[in-house]
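J.: Fold the stuff below for me.
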Amino acid sequence: MFNFLIWHMAKNEKKIPLGFKNDIFAVLSAFKKQDQRKLRKLNDKFIEDAVIDFRKSIYEMAVISYVLGKIASKPRFSSKRYGKKFREITGALSRAAKSVSKNDERVILEHLKEVEKSVSSLEKKDERYLTGLISKGRLKVAAIMYAQGVSLGVASSVTGIDKQEIMDYAGKTMMFDRVKEEKSIRERMKKARKLIGG
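T.: Numbering: from 1, shown residues only. Okay, here's the model as predicted:
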């Protein structure tokens with residue numbers, strides 16, 4: 001059964017997960033409402049999905065949902081002063097969600113890169129709080145994936161974060177202690193079956 005599952009996942013490797021479009025739209029909706037709690041829940045979901053079925057677009061959405069949650073936690077960013085930047089972010093997110101239908105990871109990643117550029121330009125507007133938020137998000141997501149059972153080598157290679165940085169961050173933040181639920185192999189298999197529609 002396990003070998004069949006691996007074969008089935010490899011066969012469908014290029015397929016974008018069915019609920020991914022809805023998840024991006026959920027991030028878009030939560031960000032528009034400045035719903036930090038919802039963004040945190042979506043971040044947890046993207047990380048869980050990335051641990052089980054890693055693909056770059058899921059990892060990028062884990063980072064983006066983390067970053068947008070941080071932005072939403074500061075009421076000052078909902079002022080008119082940041083309106084143009086917010087529209088850039090929401091526009092790029094909307095285009096990313098719509099592009100999922102094309103089932104082309106490269107196109108989705110281009111739109112997600114637009115979101116990151118918009119966040120970076122927002123950082124320039126308010127460096128007191130936002131400087132390096134994308135980098136911090138990448139490191140945090142990589143460390144959580146590592147704490148949830150992804151090998152250090154895989155976490156490093158798929159996220160582009162240095163192994164030592166991941167270990168240092170996970171240790172410094174006591175990440176392993178904070179990952180509440182250890183997922184059993186049975187739970188991971190159940191989730192994997194759901195992802196491939198079986």
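
J.: Report the contact partners of residue 89.
T.: Counting by C-beta atoms under 8 Å, 6 or more residues apart in numbering, residue 89 touches 31, 68, 115, 118, 119, 122. (Glycine included, C-beta is placed from N, CA and C.)

J.: what's the residue closest to the geometric middle of this structure?
T.: For the chain, the residue nearest the mean C-alpha position is residue 62 (0.9 Å; C-alpha atoms, centre = their mean).

J.: Let me know the average pLDDT across the helix or strand containing that residue.
T.: Remark: residue 62 resides in helix 56-72, with elements defined by DSSP states H and E. Averaging pLDDT along helix 56-72 yields 91.

J.: May I have whatever helix or strand comes next after it as CSV, with CA atoms only?
T.: Next in sequence after helix 56-72, counting helices and strands by DSSP H and E, comes helix 83-99. What follows is helix 83-99, C-alpha atoms only, in CSV (Å, rounded to 0.1, in the frame of the first residue of the first chain):
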residue,chain,number,x,y,z
GLY,A,83,-3.8,51.7,0.7
LYS,A,84,-1.9,51.4,-2.5
LYS,A,85,0.4,48.8,-1.1
PHE,A,86,-2.5,46.8,0.2
ARG,A,87,-4.2,46.9,-3.2
GLU,A,88,-0.9,45.6,-4.8
ILE,A,89,-0.7,42.7,-2.3
THR,A,90,-4.4,41.7,-2.7
GLY,A,91,-4.2,42.1,-6.5
ALA,A,92,-1.2,39.8,-6.8
LEU,A,93,-2.8,37.2,-4.4
SER,A,94,-6.0,37.2,-6.4
ARG,A,95,-4.0,36.6,-9.7
ALA,A,96,-2.1,33.8,-8.0
ALA,A,97,-5.3,32.1,-6.9
LYS,A,98,-6.9,32.4,-10.4
SER,A,99,-3.7,31.0,-12.0
